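**Student:** fold the following, please.
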Amino acid sequence: MAASASIGSFRVGDGEKPLLIAGPCVVESEDLTLSIADTIARLPIAREFHFVFKASYLKDNRSSGESFRGLGIDEGLRILEKVRTRVGCPVLSDVHDVGEVAAAAATVDVIQIPAFLSRQTSLIEAAAATGKPLNIKKGQFLAPEDMSNVVEKARASGARDLLLTERGTSFGYHDLVVDFRGFARMRAVGCPVIFDVTHSLQRPGGLGTASGGEPALAAMMARAAAAVPVDGLFIETHPNPSQAKSDAASMLPLDQLPRLLEDVVRVFAAARGARS
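**Tutor:** Reported below is the predicted structural model:
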């Protein structure tokens, strides 16, 4: 089934360049955020992708009340606006409440609905009504085909450009699994499908007051998804994950990103050649 969406001047899906949504979990500081965005954008291999920079201005889904939640919506969005201006790439961030939507829509190019909020009708309706492209993450508790209801809500409220992102399904306690059949089932809804590499390798709450993760498996999982092929990858990355203020245990070290992307480009090309 045809499935494509527009983000600014480029299209995603239906044989277009794969999408790369990448950046740190959260906006930690202006200098670090700009540095990460610029580093990714300047990678020679990044030219093989449509690149959208990702960072959350606020992290509301925290294991502990003491966990870092961001610099606040005003400062976070100001920094994301600076990324767009200086680096020249579209930016994405997630919204958590209807009251955030207008401010986010005034700044970001893509609004993201977090997985835990993928059934929140009022939030989806408000985000869709902005006319911005939406990236809706499949809830860890939903079957892939259940996303058809989510898409119907968004389209009924005016959304035209929709991406669906797989980030794993809850498998008992502190673990997630990825059912690769789900990519085909979600794409049948008529939306490009993105694979969230690093969140799929999380161990939610696995460290007690924080989530664990297995980023060493990121390249393997990214190659597997590229073989489907999916329409793009979502990767959280940081120059020093152990010092990151959020998702330290699951983010990919930034210096490992080029090799991962080089590998998946070859797999994408082979998979698309086999399918055509």
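**Student:** roughly how far apart are Asp161 and Leu19?
**Tutor:** 12 Å (Cβ to Cβ, to the nearest Å). All C-beta spots, glycine's among them, are computed from the backbone N, C-alpha and C.
**Student:** hey, where'd the strands end up in the stretch 151-276 of the chain?
**Tutor:** In the stretch 151-276 of the chain, the segments counted as strands under DSSP state E, counting those that start in this stretch are 162-166, 169-170, 176-177, 193-196, 202-203, 212-213, 232-238, 252-253.
**Student:** neighbour count: Asp161 and Leu19, which is higher?
**Tutor:** Neighbours per residue, other Cβ atoms under 10 Å: of Asp161 and Leu19, the larger number sits with Leu19, 26 against 19.
**Student:** surely that one and Ser6 touch.
**Tutor:** No: assessed by Cβ atoms under 8 Å, Leu19 is found out of contact with Ser6, at 11.5 Å.
**Student:** got any residues that touch both of those two?
**Tutor:** In terms of Cβ atoms under 8 Å, 6 or more residues apart in numbering, Leu19 and Ser6 are both contacted by the residues Val12.
**Student:** how about the strands of the stretch 151-276 of the chain, which one is nearest Leu117?
**Tutor:** For these, distance to Leu117 was read as Cβ to Cβ. The smallest value, 12.9 Å, belongs to strand 162-166.
**Student:** which residues are in contact with the spatially most central residue of the chain?
**Tutor:** Among the residues of the chain, the one closest to the centroid is Phe234, at 4.3 Å (Cα atoms, centre = their mean). Phe234 makes contacts with Ile21, Ala22, Lys54, Thr165, Arg167, Ile194, Phe195, Asp196, Val197, Thr198, His199, as judged by Cβ under 8 Å, 6+ apart.
**Student:** and the strands in the stretch 1-150 of the chain?
**Tutor:** 5-7, 10-12, 19-23, 50-54, 91-94, 110-113, 134-137.
**Student:** columns mean pLDDT and distance to Gly205 on top of these, output as CSV?
**Tutor:** As requested, the strands of the stretch 1-150 of the chain are exported to CSV (pLDDT from 0 to 100; distance: least, Cβ to Cβ, whole Å):
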stretch, mean pLDDT, distance to Gly205
strand 5-7, 97, 32
strand 10-12, 97, 32
strand 19-23, 98, 23
strand 50-54, 98, 22
strand 91-94, 98, 19
strand 110-113, 98, 21
strand 134-137, 98, 18
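**Student:** including distance to Asp175, could the ones you listed go into TSV?
**Tutor:** Output for those, formatted as TSV (distance: least, Cβ to Cβ, whole Å):
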stretch	distance to Asp175
strand 5-7	31
strand 10-12	30
strand 19-23	24
strand 50-54	24
strand 91-94	23
strand 110-113	23
strand 134-137	18
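**Student:** who wins for proximity to Gly212 among those strands?
**Tutor:** From the strands of the stretch 1-150 of the chain, taking Cβ to Cβ, the stretch that ends up closest is strand 134-137, at 19.4 Å.
**Student:** and the closest one, which strands flank it?
**Tutor:** For strand 134-137, sheet partners with direction are given as strand 110-113 (parallel), strand 162-166 (parallel), following DSSP bridges.
**Student:** which outside residues touch it?
**Tutor:** The list of residues contacting strand 134-137 from outside it, by Cβ under 8 Å, 6+ apart, reads 21, 92, 110-115, 118, 124, 127-128, 147, 150-151, 154, 159, 161-165, 167, 194, 196.
**Student:** stretch 83-91 too?
**Tutor:** For stretch 83-91, the external contacting residues (Cβ under 8 Å, 6+ apart) are 7-8, 33-34, 37-38, 41, 51-55, 80-81, 107-110.
**Student:** again, only this time at 10 Å
**Tutor:** Identification of contacts with stretch 83-91 by Cβ atoms under 10 Å, 6 or more residues apart in numbering yields 7-10, 20-23, 27, 30, 33-42, 46, 50-55, 77, 79-82, 107-110, 133.
**Student:** from the chain's centre, how far out does that stretch sit?
**Tutor:** In terms of Cα atoms, centre = their mean, to the nearest Å, the gap separating the centre of stretch 83-91 from the centre of its chain is 17 Å.
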